[in-house]
Each structure stands twice: as structure tokens, then as C-alpha cells.
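K.L.:
Next input, structure requested:
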Amino acid sequence: MRLETDRLIIRDFTMDDLPALWDIFRDEEAMEHMAPMTEGETEGFLRSFCVERTPPGAFAAQLRDGGLVGYVLFNQVDAPGIYELGWVFRRDCWGRGLAREASAALLEHAFTALDAHKVIAQTEDTVRAAPLLERLGMVREGTFRRHSLGRDGNWKDIHWYGLLREEYANGTDGTHP
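P.N.:
Residues are numbered from 1 along each chain as shown. Model prediction:
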């Protein structure tokens, strides 16, 4: 897959992306809400989940005028027509709207090219991720209380979000006019 936005190219990963992906995955702050991985685990994950899997479970977010800046989860889950969305971007790219730009492009792709029924997301991050999901028009569908053991050793709530095709088509998602 290849999608282009004003500032990004969302494309298939290659194994050549390992050094840049490892730079993101080894940053504890960027990975605060994800399970830590070693460099070897990152290589195995990149190979099995992103490169060799058909269709891939995630895509590379690359600046049009530069290198890889993010990992974007876009994975069919549960049943045909349901996709999960998520992201991790380099910390120096935070606050620039790149996660929103990539997510909006993937939502458009899901509902127009793939005829998706629903896109879901889950997060424990109520500071950055949850507000972005809501700006994208996703609806909080529920909370699994104290469901995930955080890196800090404390139990965290996991918040589930969803966006249905008809909500997207009606323009209530905030990603298109």
C-alpha cells in the first residue's frame, strides 16, 4: 500500500527500515503505552508482522521530504471489515499533527477503498491518544477497568474507540468535509 498526504507517505515497511524503527521503539517515552522490545524482538516483529505478513499489520509513515518518522498500526481484526488503528511516532515529531494526518488517510482508505464496516482503536493514553481519537470522530465505546499492567507497575484502564462506516460517510468523523 502507498498513501500520500500533504506531508507524509504511508507505505509498506521493508527490512531496511529496521534502524529507524528501532530508534522509535527504543525510546521509552515514545513507547510508554506499549510493551518494550529489544532490538532483536523489533527485527522479528518488523519481519513477521509488517514485511512478510499478507496483508501487513502496520505501515511506515515517512516524511515526503525525509525518512521514517512513525509506525502506523492498521490491522484487520475480529472479522472481515473491521480494522484496528494505532500509531507510534518519533518524539521529535510530536505536536505537529502527523499522527492525525496519517490516521485520517488510513480512515479514508479503510472506508473508501476497503469498504470497511468499522475502525477501532484502544488506548490507555488519555492525555494524547484519546483526544486525538475523539478529534478523528471515533466514539469511546467502553473502558476495561484496570485491564493492562503499565510499565510503571500500575494497572491501567484500556479505552476502546470505534468509528462506523455510516458515521464516516455522514462526515461526523472530523477527518473530511
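K.L.:
Now do the helix ranked longest in the chain: which elements does it pack against?
P.N.:
Counting residues, the longest helix in the chain under DSSP state H turns out to be helix 98-108. Judged by 3 or more C-beta pairs under 8 Å, 6 or more residues apart in numbering; DSSP states H and E, helix 98-108 is in contact with strand 2-4, strand 8-11, strand 58-63, strand 68-76, strand 82-89, helix 129-135. C-betas here are computed from N, CA, C, even on glycine.
K.L.:
Show me how far the host helix or strand of Arg145 is from its chain's centre.
P.N.:
According to DSSP states H and E, Arg145 maps onto strand 139-149. In terms of C-alpha atoms, centre = their mean, to the nearest Å, the centre of strand 139-149 is set 17 Å apart from its chain centre.
K.L.:
mind listing what that strand pairs with, with the direction of each?
P.N.:
Here strand 139-149 has these sheet partners by DSSP bridges: strand 155-164 (antiparallel).
K.L.:
which other residues reach stretch 29-36?
P.N.:
24-25, 28, 37, 88-91, 123-125, 129, 150-151 (C-beta atoms under 8 Å, 6 or more residues apart in numbering).
K.L.:
Swap in 7 Å and give it another go.
P.N.:
For stretch 29-36, the external contacting residues (C-beta atoms under 7 Å, 6 or more residues apart in numbering) are Ile24, Phe25, Val88, Arg90, Arg91, Thr123, Glu124, Asp125, Arg151.
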